[in-house]
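A.B. asks: Predicted model and sequence below, questions to follow.
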Amino acid sequence: MFNNGLSQIIMIMKFQPYTTMKKFLITIIVLLPHMINAQEKLIPIAGFKEGLALAKAFPDRKYGFIDKAGELVIPCKWNDAYEYCEGLAAVRDSNNKWGFIDKAGNLAISCKWEDVSWFHEGLVSVKNSNEKWGYIDKSGRQVIPCVWNEVNRFECGMAAVMNSEGKWGYIDKTGNIVIPCQYDAAFNFSEGLAAVLGKNKKWGFIDVHGQEIISCQWEQTEFFFIDGLVPVKDTNGKWGYIDESGKVIIPCRWEKAEIFDEGLARVRDSNNLYGYIDKTGKIVVPCEWEILGSFNDGLASVRKTNGKYGYIDKTGKVVISTIWNQANDFSEGLAYVSLLRSSYFIDTLGNFILEEENNIFKKGFRKYYPPLPYPYF
């Protein structure tokens, strides 16, 4: 806990008068929490994406990336950063300008933008000093001028954009308007359909030609079709699911419903507890969890009413015990968890793959064993 300099001071103070020693000890007791907090600590911010995980260093509060061996491969020198997507990660420099680095940490696109998002379909949205958005490619070349008030990412070769009058439409990858700006809100295309907010303040869906396929009749939606279904909320405030023709497949009975993921969808019941249903609406994971994460690598994080986290499989069985103070979703086979003052990356069997040691993550496989029923669990 103490560095060599502090140890030497303590040795010297041992030979000082009692009153001097007393004052010194009082000072140490007051300052100790601050001294401990001042130690360098590396905390993962998100799961692994494309083999790297975003991490934040304390107390400097700078961002970098670690690999799956726990090595800091890109130094924590950025004021902010996003996860990697299509081989590039957005970073913000000391001048609060955004650019992009490659997987070696080299600056691939210079930091000159006010804000950016993630690359998708080879393009990324960027905001200039005039608070307008456009798009650049992976070479940094501007392919669509910064003329839009708001934008979304490209999906199916089209992106939703908002003009200066607050109306949304769609452009193609050359910047041409392919669906006029006429909607109060609009979202990305998924499975050939996009959610739009009509003049009646209701939600519906259009196709890539701008034709209204599902009439604007829903109070709210989760916007994206997955496996042919999308959640919608009716006038009674209940959620269910419709298919791509607009037919109700799963009746509106839930307090909240989310998009399908790995064949299951998260729902919340009238007791404010979460569970999962399948595409027929059958409950496969009972609504008994205070917090329920997304399924990734076949597992979802859960939190019991006692505040402890664990992981369940798609049958609802607890496969990694609910002992953790924090448990993030799995990504690329690993999940970041914490217990008391220690942090780990675990695999889908619960084995410790990376373990925090002296505030640095070290690779070292250690078998997971279910915990003994100690009171603090």
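C.D. replies: Looks like it arrived, so ask away. Numbering: from 1, shown residues only.
A.B. asks: Could you use CA atoms for every contact and neighbour count after this?
C.D. replies: OK.
A.B. asks: Tell me, what's the model's pLDDT at the residue positioned nearest the centre of the chain?
C.D. replies: In the chain, the C-alpha nearest the mean C-alpha coordinate belongs to A46, at 6.3 Å (Cα atoms, centre = their mean). On pLDDT, A46 comes in at 79.
A.B. asks: That one - that's part of a strand, no?
C.D. replies: Yes: membership of A46 in a strand is supported by DSSP: H, G, I helix; E, B strand; the rest coil.
A.B. asks: List the residues that contact it.
C.D. replies: By Cα atoms under 8 Å, 6 or more residues apart in numbering, A46 lies in contact with A53, L54, A55, E83.
A.B. asks: again with K103
C.D. replies: Going by Cα under 8 Å, 6+ apart, K103 touches G87, L88, A89.
A.B. asks: In PyMOL, select just the buried ones from the residues you listed.
C.D. replies: Under the burial definition 16 or more other Cα atoms under 10 Å, those of the contacts of K103 that qualify are selected in PyMOL by:
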select buried, resi 88+89
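A.B. asks: quick check, nearest of the contacts of K103 to E131?
C.D. replies: The shortest approach to E131 among those belongs to A89, at 21.6 Å (Cα to Cα).
A.B. asks: So that closest one belongs to a strand, correct?
C.D. replies: Yes: assessed with three-state DSSP, A89 lies in a strand.
A.B. asks: ok, it to K233 distance?
C.D. replies: Distance from A89 to K233, counting by Cα to Cα, to the nearest Å: 36 Å.
A.B. asks: what's the answer for Y276, then?
C.D. replies: Y276 sits 17 Å away from K233, going by Cα to Cα.
A.B. asks: So between the two, which is more surrounded?
C.D. replies: Y276 (26 against 23; other Cα atoms under 10 Å).
A.B. asks: My read is that that one contacts R266, right?
C.D. replies: Yes: at 4.5 Å, Y276 counts as touching R266 under the criterion of Cα atoms under 8 Å.
A.B. asks: can I see the domain layout of this structure?
C.D. replies: The chain breaks down into these domains under automatic domain parsing: 1-38, 219-279.
A.B. asks: rank those by pLDDT, which is bottom?
C.D. replies: Going by mean pLDDT, the lowest-scoring of the domains of the chain is domain 1-38, which has a mean of 45.
A.B. asks: and L273, how many residues sit next to it?
C.D. replies: 17.
A.B. asks: how much space between it and D313?
C.D. replies: 18 Å.
A.B. asks: ok, now D234?
C.D. replies: 31 Å.
A.B. asks: any low-confidence regions in the stretch 251-377 of the chain?
C.D. replies: Counting by pLDDT under 70, the stretch 251-377 of the chain has low-confidence residues at 356-377.
A.B. asks: What are the boundaries of the strands in it?
C.D. replies: Counting by DSSP state E, counting those that start in this stretch, the segments of the stretch 251-377 of the chain that form strands are 256-261, 264-268, 274-277, 283-289, 291-292, 300-303, 309-312, 318-324, 326-327, 335-339, 342-346, 352-357, 360-366.
A.B. asks: now these as TSV including distance to F223?
C.D. replies: TSV is the format used below for the strands of the stretch 251-377 of the chain (distance: least, Cα to Cα, whole Å):
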stretch	distance to F223
strand 256-261	9
strand 264-268	14
strand 274-277	19
strand 283-289	23
strand 291-292	21
strand 300-303	22
strand 309-312	27
strand 318-324	31
strand 326-327	27
strand 335-339	27
strand 342-346	33
strand 352-357	37
strand 360-366	38
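A.B. asks: how close does Y84 get to D207?
C.D. replies: As for Y84, its distance to D207 is 30 Å (criterion: Cα to Cα).
A.B. asks: Kindly apply the preceding question to G275 instead.
C.D. replies: From G275 to D207 the distance is 32 Å (Cα to Cα).
A.B. asks: of these two, who's got more company?
C.D. replies: Counting neighbours by other Cα under 10 Å for G275 and for D207 shows that G275 has the greater number, 24 against 16.
A.B. asks: does the more buried one really touch I283, like I thought?
C.D. replies: Yes: G275 lies in contact with I283 (Cα under 8 Å); the separation is 7.5 Å.
A.B. asks: Between the two, which contacts overlap?
C.D. replies: Residues touching both G275 and I283 (Cα under 8 Å, 6+ apart): none.
A.B. asks: pLDDT weak spots in the stretch 101-250 of the chain?
C.D. replies: Looking at the stretch 101-250 of the chain by pLDDT under 70, you get an empty list.
A.B. asks: For the nearest residue to E244 once chain neighbours are set aside, give me its contacts.
C.D. replies: Spatial nearest neighbour of E244, excluding adjacent residues (Cα to Cα, 6 or more residues apart in numbering): G228 at 6.0 Å. Contacts for G228 (Cα under 8 Å, 6+ apart) come out as E191, D243, E244.
A.B. asks: Mind putting these into JSON lines with distance to F260 and neighbour count?
C.D. replies: Shown next, in JSON lines, are the contacts of G228 (distance: Cα to Cα, whole Å; neighbours: other Cα atoms under 10 Å):
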{"residue": "E191", "distance to F260": "13", "neighbour count": "15"}
{"residue": "D243", "distance to F260": "12", "neighbour count": "17"}
{"residue": "E244", "distance to F260": "14", "neighbour count": "17"}
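A.B. asks: and which of those is nearest to S94?
C.D. replies: Looking across the contacts of G228 and measuring by Cα to Cα, the closest to S94 is E191, at 40.3 Å.
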